[in-house]
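3D, please:
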Amino acid sequence: MSEKPNDDMNDERIEDAAPGENGQGNDGDYEALVRLMKENEELKDRALRLAAEMENLRRRTQRDVADARTYAVTNFARDMLTVSDNLRRALDAVPAEAKEAGDAGFKALFEGVDITERAMLSALERHGVKKLEPQGERFDPNFHQAMFEVPNPNVPNGTVVQVVQSGYSIGDRVLRPAMVGIAKGGPKAAPAQAAEPGPVNEQAEKDA
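Numbers count the residues shown, from 1 in each chain. A predicted model of the protein is given here:
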């Protein structure tokens, strides 16, 4: 009996077990590799986005904490300014003659009120509240609130020539704008240099 039929059958089995000549096995591996590379890129992109979001969250949290530390006393400080104003009005209401002619008790009372006012302003300054001193400066709507104009040909237009009520700032924000009178009729003020954004005037925003 011839063994040739068996050899043919073995050859057919080998051909069936081997990858096809059209390369379907290699194509499948290539597609799997491409799919894995794509998934890897997506995961990498997602990780980068998550890292960026976490960094932005960290910065926002730091900024919020710093703002809370700086501006936590804003409302309290604004209320204390009213007390300070009343102390200053009390001191200004005393005529100079009364100061000189007053007895020891009156002078002690006057000095006590004066010391109290200075101590309050000092305490506010330790918490970041600073008094604005705009007299003689150019009018700045970020810090000042114009109440009236004063004809004065000797100073540039827009110069603060009178302070009706002192202003205060806290951090880089305006706690209360200074109420001022500004000059008009004088020479034009020199053009301002490129100004940086001014502080937030919270009181003006509320009034608006």
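
moving C-terminal of the helix or strand harbouring residue 54, what's the next helix or strand?
If you go by DSSP states H and E, residue 54 is part of helix 24-71. Using DSSP H and E, the helix or strand that follows helix 24-71 towards the C-terminus is helix 74-92.

orientation of that following helix relative to helix 24-71 in degrees?
In terms of direction (axes from the mean of the first three to the mean of the last three Cα atoms, to 10 degrees), helix 74-92 departs from helix 24-71 by 20 degrees.

Kindly format the C-alpha coordinates of helix 74-92 as CSV.
This file holds the C-alpha atoms of helix 74-92, laid out as CSV (Å, rounded to 0.1, in the frame of the first residue of the first chain):
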residue,chain,number,x,y,z
THR,A,74,-12.7,93.7,56.2
ASN,A,75,-16.2,94.2,57.6
PHE,A,76,-14.9,94.6,61.2
ALA,A,77,-12.2,97.1,60.1
ARG,A,78,-14.8,99.1,58.1
ASP,A,79,-17.0,99.3,61.2
MET,A,80,-14.0,100.4,63.3
LEU,A,81,-13.3,103.3,60.8
THR,A,82,-16.6,104.8,61.9
VAL,A,83,-15.4,104.7,65.5
SER,A,84,-12.1,106.3,64.5
ASP,A,85,-14.0,109.0,62.6
ASN,A,86,-16.0,109.9,65.7
LEU,A,87,-12.9,110.1,67.8
ARG,A,88,-11.3,112.4,65.2
ARG,A,89,-14.5,114.6,65.1
ALA,A,90,-14.4,114.9,68.9
LEU,A,91,-10.8,116.0,68.8
ASP,A,92,-11.4,118.5,66.0
